[in-house]
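[1] after the sequence you'll find the predicted model.
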Amino acid sequence: MPSSSITLINKADANIVYNLVGAHAAGATFKDVDRSLALPRTLEFNYKIGQPGALGNDKLIITLKNALNDTVLGKTVVAQASLEVSVPRAAVVTATVIEDLLCQFASLLTDANAEKINDGVVP
């Protein structure tokens, strides 16, 4: 059973608390407690189990979504960011290897690097 809440920190160093709203065998969904149902901010975990045996490749996809009201377009739009962790079942792929990749990814997403990434995405 996943944790009942997860707290993340946004760009303004404010806490965003996501509460568990649903869990199933292939993942879980969390919702920002301070957002309305009409404009939700969500955190989703989805697991994809690969083929059986040593050649299988399991995946975890983590997605953050932020629904916003676009008054110019007159509709709701959704910005999202996803991280996919793909884990081959090979013996050389240890927990340490995966943790190292995730630590490097976290380092990539520091404020300074996030601004560089955003500059390449948002014209």
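    Yes, it's here. On a predicted model such as this, the values are computed, not experimentally measured, just so you know.
[2] where does this protein dip in pLDDT?
    1-2, 122-123 (pLDDT under 70).
[3] those strands in it, which residues are they?
    Counting by DSSP state E, the chain has strands at residues 5-9, 15-24, 27-32, 41-48, 57-70, 75-88.
[4] most tightly packed of those?
    With neighbours defined as mean count of other C-beta atoms under 10 Å, the strands of the chain peak in mean count at strand 27-32, which reaches a mean of 19. For every residue, glycine as well, the C-beta is placed using N, CA and C.
[5] and the strands of the chain: which comes nearest residue 110?
    Closest approach to residue 110 among the strands of the chain is made by strand 5-9 (12.0 Å; C-beta to C-beta).
[6] pull the residues that contact that closest one.
    With contact meaning C-beta atoms under 8 Å, 6 or more residues apart in numbering, strand 5-9 is reached by 15-20, 30, 43.
[7] for stretch 95-108, same thing?
    Stretch 95-108 has contacts (C-beta under 8 Å, 6+ apart) with 83, 85, 87, 113, 117.
[8] export the strands of the chain to JSON lines and append columns for distance to residue 100.
    Formatted as JSON lines, the strands of the chain follow (distance: least, C-beta to C-beta, whole Å):
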{"stretch": "strand 5-9", "distance to residue 100": "22"}
{"stretch": "strand 15-24", "distance to residue 100": "26"}
{"stretch": "strand 27-32", "distance to residue 100": "24"}
{"stretch": "strand 41-48", "distance to residue 100": "21"}
{"stretch": "strand 57-70", "distance to residue 100": "16"}
{"stretch": "strand 75-88", "distance to residue 100": "12"}
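[9] compare the ones you listed and give me the one nearest residue 109.
    Nearest to residue 109, of all the strands of the chain, is strand 75-88, at 9.2 Å by C-beta to C-beta.
[10] measure residue 33 to residue 48 for me?
    With distances taken as C-beta to C-beta, to the nearest Å, residue 33 is found 28 Å from residue 48.
[11] which helix in the chain runs the most residues?
    helix 95-108 (DSSP state H).
[12] mind checking how far it is from the chain centre?
    Relative to its chain's centre, helix 95-108 lies at 15 Å (C-alpha atoms, centre = their mean, to the nearest Å).
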